[in-house]
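Student: no sequence on hand, only this structure:
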């Protein structure tokens, strides 16, 4: 929200206000004063605007896309970077209107009809003419209900694991599983090179808006797009060089100098010779009361909920690994310009957040450290993660850990709910990808008043019971923070009630013997 506000100030007033100003000036009066100060100093836009690229040239990939392209070259049969989505559709569905809606989205977003061939050894974006995607229908209505549901789940899983050919495309697939006359499962799968989490929200919303219009005999209600992802990729390549690149790199070189190569987490198994990225997930929730208390604490301390949860997670990691220099990765939407907000494409960037937990600070003191680190990272978010890795060139091998960080944290507060439609009930269904991009990845979601969380883990390293225990420790730690944020981070309670009872029960025979000896 802060990023979107800054982008609107940029468009309306021609002033580049840093995100830090939103936090340093939390009142409207103070924020306006900072804007007027920038205007008076005649500081214009520091970043050139995104303009339409010449379609007659070979269009480059963005830095992030190029990394995925090289990963695909190494393993073209992998589905590791697939982004599957399954939407349960109940009610009277018009297949033709749905198929037309999907094709309209593909037509208006060039990225969904782009392939990535190599010319002279270098990948380029090749935008293909619009052509109709046929919505394949798989009819399971003849099966009994139990077998129907099992078969639909299997189809969805297999569909999500089918690889894409990036050289030829297409990079989006759509199919419809018919369970009965008024119950369907819509399967949409994209490759990450063309999409991210924000983009999936754009996709769902546009398909729903178009379906509602087409089913009602109306034309598309969507305005033409001013820019396309290829324009962003071209702009990024043109801008991030020379002085602009050096100024961004300088911060990250200083911030990550002598950072630990790996986070020392106690794993159940030694790291394998070759990392497989096999993974699993555990889900949990924070109650309405706990989520509400965290939001109150965040407002009191002048931080975001993201910063508070990140500080709690880093405390957990520090306690687990007995380590005080904690580096965690976190995705950021990277949509600082109004023109790219409605686009489908791979914009998301990874920030590297390094925090010193040394000196046993109180949790309030740690929040100030996390706030500082996070705001500084936001101020330098334009540099793609790939360029940071390239500049720092950390040691890498097949066995190992991902460069710079092995644990990631995200707070998703952009709703991915699909739009409500007349005569149809739509529900986004969970997808089951048995993979893990990192050793640990904690993703939290605001769902109304409470919070949902997913802890994804690498099964080469961790057993399920270890992860379940870690979740219990994290929840207990949060309760302890809420009860008294002025406790030092080493004093915060982590053991669950059940663990404390078990430890006391194990210790009680020994203490009984001591008491008998003393009384004797």
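Tutor: Ah, there it is. Just so it is clear, the structure is predicted and the values come from calculations on it, not from any experiment. Numbers count the residues shown, from 1 in each chain.
Student: please parse this protein into its domains.
Tutor: Structural domains assigned to the chain are 2-40, 63-230, 242-502, following automatic domain parsing.
Student: and the strands in the stretch 51-200 of the chain, which stretches?
Tutor: 82-91, 114-115, 118-119, 122-123, 126-127, 136-139, 172-180, 183-191 (DSSP state E, counting those that start in this stretch).
Student: out of those strands, which is the most enclosed?
Tutor: strand 183-191 (a mean of 23; mean count of other Cβ atoms under 10 Å). In this view, the C-beta of every residue, glycine as well, is placed from N, C-alpha and C.
Student: contacting residues for the residue nearest in space to the middle of the chain?
Tutor: Nearest to the geometric centre of the chain sits residue 331, at 5.0 Å (Cα atoms, centre = their mean). Neighbour list for residue 331: 197, 348-351, 408, 410 [criterion: Cβ atoms under 8 Å, 6 or more residues apart in numbering].
Student: before we move on, what about residue 99?
Tutor: Residue 99 neighbours (Cβ under 8 Å, 6+ apart): 132-135.
Student: one more pass at 7 Å, please.
Tutor: Going by Cβ atoms under 7 Å, 6 or more residues apart in numbering, residue 99 touches residue 135.
Student: hang on, isn't residue 424 packed against residue 91?
Tutor: Yes: contact criterion Cβ atoms under 7 Å: residue 424 and residue 91 qualify, at 4.0 Å.
Student: ok, back up a step: pull the most distant pair out of the contacts of residue 331.
Tutor: 197 and 351 (14.9 Å; Cβ to Cβ).
Student: more crowded one of those two?
Tutor: Taking neighbours as other Cβ atoms under 10 Å, residue 197 and residue 351 compare with residue 351 leading, 22 against 16.
Student: pretty sure that one is touching residue 330, no?
Tutor: Yes: between residue 351 and residue 330 a contact is recorded at 5.1 Å, counting by Cβ under 7 Å.
Student: ok, of the contacts of residue 331, which one's closest to residue 86?
Tutor: Of all those, residue 197 has the smallest distance to residue 86: 15.6 Å, by Cβ to Cβ.
Student: who's in contact with the closest one?
Tutor: With Cβ under 7 Å, 6+ apart, residue 197 has these contacts: 348, 412.
Student: residues contacting residue 477?
Tutor: 312, 315-316, 492, 494.
Student: repeat that with 8 Å
Tutor: Contacts of residue 477 by Cβ under 8 Å, 6+ apart are 312, 315-316, 492-494.
Student: can you redo those residues as CSV with pLDDT?
Tutor: Putting those into CSV (pLDDT from 0 to 100) gives the following:
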residue, pLDDT
312, 98
315, 98
316, 97
492, 97
493, 95
494, 94
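Student: okay if I get those as JSON lines plus secondary structure and neighbour count?
Tutor: Shown next, in JSON lines, are the contacts of residue 477 (DSSP: H, G, I helix; E, B strand; the rest coil; neighbours: other Cβ atoms under 10 Å):
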{"residue": "312", "secondary structure": "helix", "neighbour count": "25"}
{"residue": "315", "secondary structure": "helix", "neighbour count": "26"}
{"residue": "316", "secondary structure": "helix", "neighbour count": "21"}
{"residue": "492", "secondary structure": "coil", "neighbour count": "22"}
{"residue": "493", "secondary structure": "coil", "neighbour count": "15"}
{"residue": "494", "secondary structure": "coil", "neighbour count": "18"}
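Student: could you dump these into a markdown table and include distance to residue 246?
Tutor: As requested, the contacts of residue 477 are arranged in a markdown table below (distance: Cβ to Cβ, whole Å):
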| residue | distance to residue 246 |
| --- | --- |
| 312 | 36 |
| 315 | 35 |
| 316 | 36 |
| 492 | 41 |
| 493 | 46 |
| 494 | 43 |
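Student: of those residues, closest to residue 2?
Tutor: Of the contacts of residue 477, the one sitting nearest to residue 2 (Cβ to Cβ) turns out to be residue 312, at 21.2 Å.
Student: how close does that closest one sit to residue 497?
Tutor: Distance of residue 312 to residue 497, given as Cβ to Cβ, to the nearest Å: 19 Å.
Student: residue 302 too?
Tutor: 33 Å.
Student: mind checking which of these two has more residues around it?
Tutor: Each of residue 302 and residue 497 has its neighbours counted (other Cβ under 10 Å); residue 302 has more, 13 against 9.
Student: the more buried one: what's it in contact with?
Tutor: Going by Cβ under 8 Å, 6+ apart, the list of residues near residue 302 reads 23, 26, 371.
Student: the second one: neighbour count?
Tutor: The number of residues packed near residue 26 is 11, by other Cβ under 10 Å.
Student: next: the one 10 residues further on.
Tutor: Residue 36 is flanked by 12 other residues according to other Cβ under 10 Å.
Student: next: residue 5.
Tutor: So residue 5, with other Cβ under 10 Å, has 13 neighbours.
Student: who are the contact partners of it?
Tutor: By Cβ under 8 Å, 6+ apart, the residues touching residue 5 are residue 22.
Student: against residue 66, how distant is it?
Tutor: Counting by Cβ to Cβ, the gap from residue 5 to residue 66 is 31 Å.
Student: quick one on the thing from earlier: could I get the domains of the chain as CSV with distance to residue 56?
Tutor: Shown next, in CSV, are the domains of the chain (distance: least, Cβ to Cβ, whole Å):
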stretch, distance to residue 56
domain 2-40, 29
domain 63-230, 11
domain 242-502, 21
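Student: and residue 49, which of the ones you listed is closest to it?
Tutor: domain 242-502 (7.8 Å).
Student: the closest one: end-to-end distance?
Tutor: Taking Cα to Cα, to the nearest Å as the measure, domain 242-502 stretches 61 Å from start to finish.
Student: picking that back up, closest one to residue 403 among the strands of the stretch 51-200 of the chain?
Tutor: Closest approach to residue 403 among the strands of the stretch 51-200 of the chain is made by strand 122-123 (21.3 Å; Cβ to Cβ).
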